[in-house]
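Q: generate a structure from the sequence data that follows.
(one chain, ligands or ions: 2)
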Amino acid sequence: MRTPIGIIGAGPAGLFLSHLLHRQGIDSVILERRDRSYCERRQRAGVVEHGVAEALRASGVGARMDREGFVHNGIELRFDGQAHRIDFPDLTGRNVMIYAQTEIVKDLIAQRIADGGQILFEAEATAIEDIETDHPRVRFTHAGREDILECAYVVACDGFHGVGRSSLPADVIQTFEKVYPFSWLGILADVAPSCDELIYAHSERGFALHSMRSESVSRLYLQVPTGTDPKDWSDARIWAELSARFRLRGGDWELQQGPITDTSVTPMRSFVTEPMRHGRLFLAGDAAHIVPPTGAKGLNLAMHDVMLLAEALAAWRATGDTKLLDDYSATALRRVWRAEHFSYWMTSLLHTDPDGTGFDYRLQLSYLEHIAASQAAAAQLAENYTGIPQI
Ligand code: RFL
Ligand code: PHB
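A: Ligands and ions are numbered 1, 2, ... in the order given. Got it, this is the predicted structure:
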């Protein structure tokens, strides 16, 4: 098989890249290890930055998001038994959309198929070869057969455990990593959200997040120790712990409960690969970097990476000029490191040490109170959360 741009991975990064390239008249083939229904069901992110929502709209795949998603103009920080709202438009002129990553994936797959795009599901890339030449190749297996995809460029959008990053020569890349001593236990529940906007709760018992998927489906997370087995958490224990962490002084707020339909535990990690390109192989999205989910940045960074790449590949295709491709890694890494810092900062601000209420806890409370009192401190949170337009 032959294609100008070989893409590995049908997550949001690979699908959006293929879609944007198509709009520039550039063909691509996506190799995806899983089947379509698995890709469309995987529960992940829910917050879409202002600029990413605009990019989805501008490229013709925002209609269902605008119909079914929710515009959110703020979040609530809950700490010391009190609620404090951060108003995004007031502080930044921007907002965010609540629309599940899994729905974006469905929209992009449907659009790619409608446009005649090639997505090979259940096609696992096993090796990327000859990346230092102008004819790189991807080896893959599909329907029990080995095959080769010949390309002008390969873009690995194959997530943290893919084959892309490990195909970069060890002596040209550097990796930076931080692993946190806690994970998130996430649930999906058939119950109306108990709030209109997301609640990020700091408490002595640990962090909790109340998010949502629709008027009848809630998404909630609990900070748990790394190594937690979801089997140790009965539904009753999950609801009791969530209620305790969200409790307001005065008790005039109640968490609504309902049947839990999905439970998962996600470890928390910060990770960056530099550079995000070698020869004719580019990395985009989780293949290149991971953030802890507290800042809601992973999906958004993945989309920003491929927006840069689509523009750079279009310039190369139109004129042969590779300047934007050559600049890709440095340009993308500026936003990546901003998001890394913000995600690390939000994580450190809100997750508490199981040993209780010592020095770090008091520092967190002091800074949370500062955000509640200071426009400037609130604005720096809002600016990063809604997405910085130009970096
Ligand atoms: P993905 O989505 O992991 O897609 C990679 C795809 O590559 C395929 N693949 C291969 N295909 C062929 N051959 C191989 N050898 C392959 N190896 C892998 C995989 O099957 C898969 O389909 O990466 P992508 O596209 O870079 O997208 C990144 C996002 O998925 C991720 O950053 C976010 O979900 C992170 N994240 C959040 N991000 C946000 O922006 N806002 C949020 O609110 C948010 N919340 C979250 C999150 C991630 C979470 N988890 C589960 C990690 C909440 C959670 C709980
Ligand atoms: C989600 O809705 O899944 C979600 C929202 C905000 C985050 C992380 C995840 O920070």
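Q: partners of the strand or helix carrying residue 269, with directions?
A: Per DSSP states H and E, residue 269 falls inside strand 260-274. When pairing is defined by DSSP bridges, strand 260-274 lines up against strand 174-189 (antiparallel), strand 289-290 (antiparallel).
Q: now the host helix or strand of residue 370: buried residues?
A: Assigning secondary structure by DSSP H and E places residue 370 in helix 359-373. Burial within helix 359-373, assessed by neighbour count using 16 or more other Cβ atoms under 10 Å, is assigned to 361, 364, 367, 368, 371, 372. No exception for glycine: its C-beta is placed from N, CA and C like everyone else's.
Q: could you pull up the residues touching the residue lying closest to residue 173 once chain neighbours are set aside?
A: Of all residues not flanking residue 173 in the chain, residue 273 sits nearest, at 5.6 Å (Cβ to Cβ, 6 or more residues apart in numbering). By Cβ atoms under 8 Å, 6 or more residues apart in numbering, the residues touching residue 273 are 165, 168, 173, 174, 175, 283, 287, 288, 289.
Q: reformat those residues as CSV; add pLDDT, neighbour count and distance to ligand 1.
A: Below are the contacts of residue 273 laid out as CSV (pLDDT from 0 to 100; neighbours: other Cβ atoms under 10 Å; distance: Cβ to the nearest ligand atom, whole Å):
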residue, pLDDT, neighbour count, distance to ligand 1
165, 97, 22, 10
168, 96, 22, 14
173, 96, 17, 17
174, 97, 10, 20
175, 97, 13, 16
283, 98, 31, 9
287, 98, 29, 6
288, 98, 31, 8
289, 98, 30, 9
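Q: of these, which is the nearest to ligand 2?
A: residue 289 (16.2 Å; Cβ to the nearest ligand atom).
Q: ok, the closest one touching residue 304?
A: No: counting by Cβ atoms under 8 Å, residue 289 does not reach residue 304; the two are 10.9 Å apart.
Q: secondary structure element for residue 29?
A: Element membership for residue 29 (DSSP H and E) is strand 28-31.
Q: can you show me the helices along the protein?
A: Along the chain, counting by DSSP state H, helices occupy 12-23, 36-41, 50-58, 63-68, 88-92, 101-114, 235-246, 298-319, 323-350, 359-373, 375-386.
Q: among the contacts of residue 273, which pair sits farthest apart?
A: Spatially, the most separated pair among the contacts of residue 273 is 174 and 287, at 15.5 Å (Cβ to Cβ).
Q: residue contacts, the nearest residue to residue 43 once chain neighbours are set aside?
A: Counting by Cβ to Cβ, 6+ apart, residue 43 lies nearest to residue 262, which is 5.6 Å off, once chain neighbours are set aside. Each residue near residue 262 by Cβ under 8 Å, 6+ apart is listed here: 43, 186, 187, 188.
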